[in-house]
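# sharing a sequence plus its predicted fold:
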Amino acid sequence: MPTIQKLPLGRLQTNCYILCENPEDGVVVIDPGDDILLLQAALTGKKVAAALITHAHFDHILGLPALGNVPIYVHELDAPAMTDAVRNCAEDRLPAVSATHLVHEGDVLHLAGMTFTVMHTPGHTPGGVCYQCGDDLFTGDTLFAPGYGRTDLPGGSWSDLVRSLRRLLHLPGNLHVYPGHGGDAELSALRGNL
């Protein structure tokens, strides 16, 4: 069971998660938001094995330079947005770095002694994904606790988001949901609130 450190980063208080099963294997960072100094401080003394991106909006990727030269995983449909300031909604900010690895529905990633299963959950963005690690589900801006992501930004689709939410809410077991913003919750508690 990995330890999970949550860091709300930047002006949008985007949740960045640092997961560690065994310190010798390093850590996996999910959605490094746009506060490089805070992120660097949290990673002092840690070896970063990889970065997992739930979707390529600026507030989930602008902290990538703080991680150094590490593998960066993102869904193929969001990969172009990693360096496109219009698609990633960066406005006047510089685009982040490119992905090094493309993920797809059903991929299983073995990183730093942990196993992550990729679920393609479009709607907020075309290439939005959730990562399941054991009983923990990292949902980015697809599913909040409670609530869901907006669909009025480039590439958003309400019909896709509805399908993705239905899928997540019908997952078996009682997963713990770690969203891209706000607090976390048990999936069972969210089923009656959406």
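Arrived safely, thanks for sending. Numbering: from 1, shown residues only.
# ok, which stretches of the chain are helices?
Counting by DSSP state H, the chain has helices at residues 36-42, 58-61, 158-169, 187-191.
# turn these into CSV, columns for mean neighbour count.
Yep, even glycine has a C-beta here, placed from its N, CA and C like the rest. Listed next are the helices of the chain as CSV, based on neighbours: other CB atoms under 10 Å:
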stretch, mean neighbour count
helix 36-42, 16
helix 58-61, 27
helix 158-169, 16
helix 187-191, 16
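# of all those helices, which lies closest to residue 141?
Nearest to residue 141, of all the helices of the chain, is helix 58-61, at 7.8 Å by CB to CB.
# contact partners of that closest one?
With contacts defined as CB atoms under 8 Å, 6 or more residues apart in numbering, helix 58-61 is touched by 9-12, 14, 31-34, 53-54, 82, 85, 88-91, 93, 96-97, 140-141, 180.
# among those, the buried ones, what's the ChimeraX command?
Burial among the contacts of helix 58-61 is assessed by 16 or more other CB atoms under 10 Å; the matching ChimeraX selection reads:
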select :9,10,14,31,32,33,34,53,54,82,88,89,90,96,97,140,141,180
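# in contact with the most centrally placed residue in the chain, which residues are there?
With distances taken as CA atoms, centre = their mean, residue 54 lies nearest the centre of the chain, 3.1 Å away. Residues in contact with residue 54 (CB under 8 Å, 6+ apart) are 30-31, 60, 128-131, 138-142, 180.
# residue ranges with poor pLDDT in the protein?
Where the chain drops to pLDDT under 70, the residues are 94-96, 193-194.
# residue 13 reaches residue 181, doesn't it?
Yes. Shown here, residue 13 and residue 181 form a contact pair, counting by CB atoms under 8 Å, at 6.3 Å.
# compare those two (neighbour count), which wins?
residue 181 (18 against 14; other CB atoms under 10 Å).
# what segments of this protein are strands?
Taking DSSP state E as the criterion, the chain contains strands spanning 3-9, 14-20, 27-30, 48-52, 72-75, 101-103, 108-111, 114-120, 129-133, 136-140, 143-144, 147-148, 176-179, 185-186.
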